[in-house]
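Peer 1: okay, sequence plus prediction incoming.
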Amino acid sequence: MYAIIKTGGKQYKVFPGEVIKVERLSGEKGDAISFSEVLLVKKDDDTIEIGRPVVEGAVVSGKILKQGKGKKILVFKKKRRKDFSKLYGHRQPFTEVMIEEIKA
């Protein structure tokens, strides 16, 4: 069984017991979280429910494992012949979630 959920403007294919990194969500370590924007559910008996736009009554529940920041990326901007250059870094915040259950 798996589901496709939407969170943080992105879509994720999730299985029960899987750990995923999503865009920063509010909550502390150990808090329960549920995703109600379920776009597709494939059950064990090979039936597929496709939402228009979401599957009615489907919920994916999980637990927050960690709040953190990703690796630093460097952004360099330069305009030639104008004596302009700029370098700065960015670390994207994320939430690590363990998927516990898919209810369809």
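Peer 2: Received the coordinates, thanks. Please read all numbers here as calculations on a predicted model, not as lab measurements.
Peer 1: would you mark the buried spots in stretch 40-57?
Peer 2: 40, 41, 42, 49, 55 (16 or more other Cβ atoms under 10 Å). Where you see a C-beta, it was placed from the backbone N, CA and C, and this is true even at glycine.
Peer 1: which ones among these lie within helices?
Peer 2: Under the assignment DSSP state H, those contribute nothing to helices.
Peer 1: okay, buried residues for stretch 88-104 please.
Peer 2: Result for stretch 88-104 [16+ other Cβ under 10 Å]: buried residues 94, 95, 96, 97, 99, 102, 104.
Peer 1: list the contacts of the residue nearest the centre of the chain.
Peer 2: Nearest to the mean C-alpha position of the chain, counting by Cα atoms, centre = their mean, stands residue 22 at 2.8 Å. Residue 22 is in contact with 7, 8, 10, 12, 94, 95, 97, counting by Cβ atoms under 8 Å, 6 or more residues apart in numbering.
Peer 1: pLDDT value on the third one, please?
Peer 2: Which is residue 10. We have a pLDDT of 97 for residue 10.
Peer 1: need the nearest residue in space to it, chain neighbours excluded.
Peer 2: Leaving aside its sequence neighbours, residue 10 sits nearest to residue 23 (Cβ to Cβ, 6 or more residues apart in numbering; 6.9 Å).
Peer 1: can you count the residues close to that neighbour?
Peer 2: Residue 23: 12 surrounding residues under other Cβ atoms under 10 Å.
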